[in-house]
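Q: Requesting a structural model of the entry that follows:
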Amino acid sequence: MPSDNTYLFRGKVWVYRSWHMVSLPEDVSVGLKKLYRGLTAGFGSLPVEATIGDTTWQTSIFPEDRTGPFMLPLKLLVRKQERFGEGDTITFQVHIIA
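A: Residues are numbered from 1 along each chain as shown. Purely as a prediction, here's the structure:
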């Protein structure tokens, strides 16, 4: 795990009930769940600062379920500014704030 709590990934954008998401890798998600056990907020979320391209915003990553990977929700403004959508593979960074 990086010492500065910043992680860089590539992932495919997918949609669940009109929410655009990208998943963090499962192995990293398992490590984060162990590292931040007891420090998560509602629904097991972790506050992060996310960056895609030139756009940075504060949000939270959420576990898909108890054993699944964390997911980063991708708001409409970010998708429009960075010009991506469902099915696109994007590079994204998350910095854990917790």
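
Q: Now the helix or strand of the chain with the lowest mean pLDDT: buried residues?
A: Across the helices and strands of the chain, mean pLDDT, DSSP states H and E gives its lowest value to helix 26-35, namely a mean of 88. Neighbour-count burial for helix 26-35 flags 28, 29, 32, 33 (criterion: 16 or more other C-beta atoms under 10 Å). Just so you know, the C-beta spots here come from the backbone N, C-alpha and C atoms, and that holds for glycine as well.

Q: for that helix, packing partners?
A: strand 70-73 (3 or more C-beta pairs under 8 Å, 6 or more residues apart in numbering; DSSP states H and E).

Q: Would you report the backbone torsion angles of residue 74?
A: Residue 74 has phi and psi values of phi -120, psi 100 when expressed as degrees, to the nearest 10.

Q: let me fix that: residue 83
A: Torsion angles, degrees, to the nearest 10, at residue 83: phi 60, psi 60.

Q: Count the neighbours of it for me.
A: Other residues within reach of residue 83, judged by other C-beta atoms under 10 Å, total 8.

Q: just residue 8 next, same as before
A: 10.

Q: Need the nearest residue in space to it, chain neighbours excluded.
A: Leaving aside its sequence neighbours, residue 8 sits nearest to residue 93 (C-beta to C-beta, 6 or more residues apart in numbering; 5.0 Å).

Q: gap between stretch 53-66 and the chain center?
A: 3 Å (C-alpha atoms, centre = their mean, to the nearest Å).

Q: scratch that, stretch 58-78 is what I was asking about
A: In this view, stretch 58-78 has its centroid 5 Å away from the chain centroid, taken as C-alpha atoms, centre = their mean.

Q: Can you lay out the buried residues of helix 26-35 as TSV showing distance to residue 6?
A: Listed next are these as TSV, based on distance: C-beta to C-beta, whole Å:
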residue	distance to residue 6
28	12
29	16
32	12
33	18
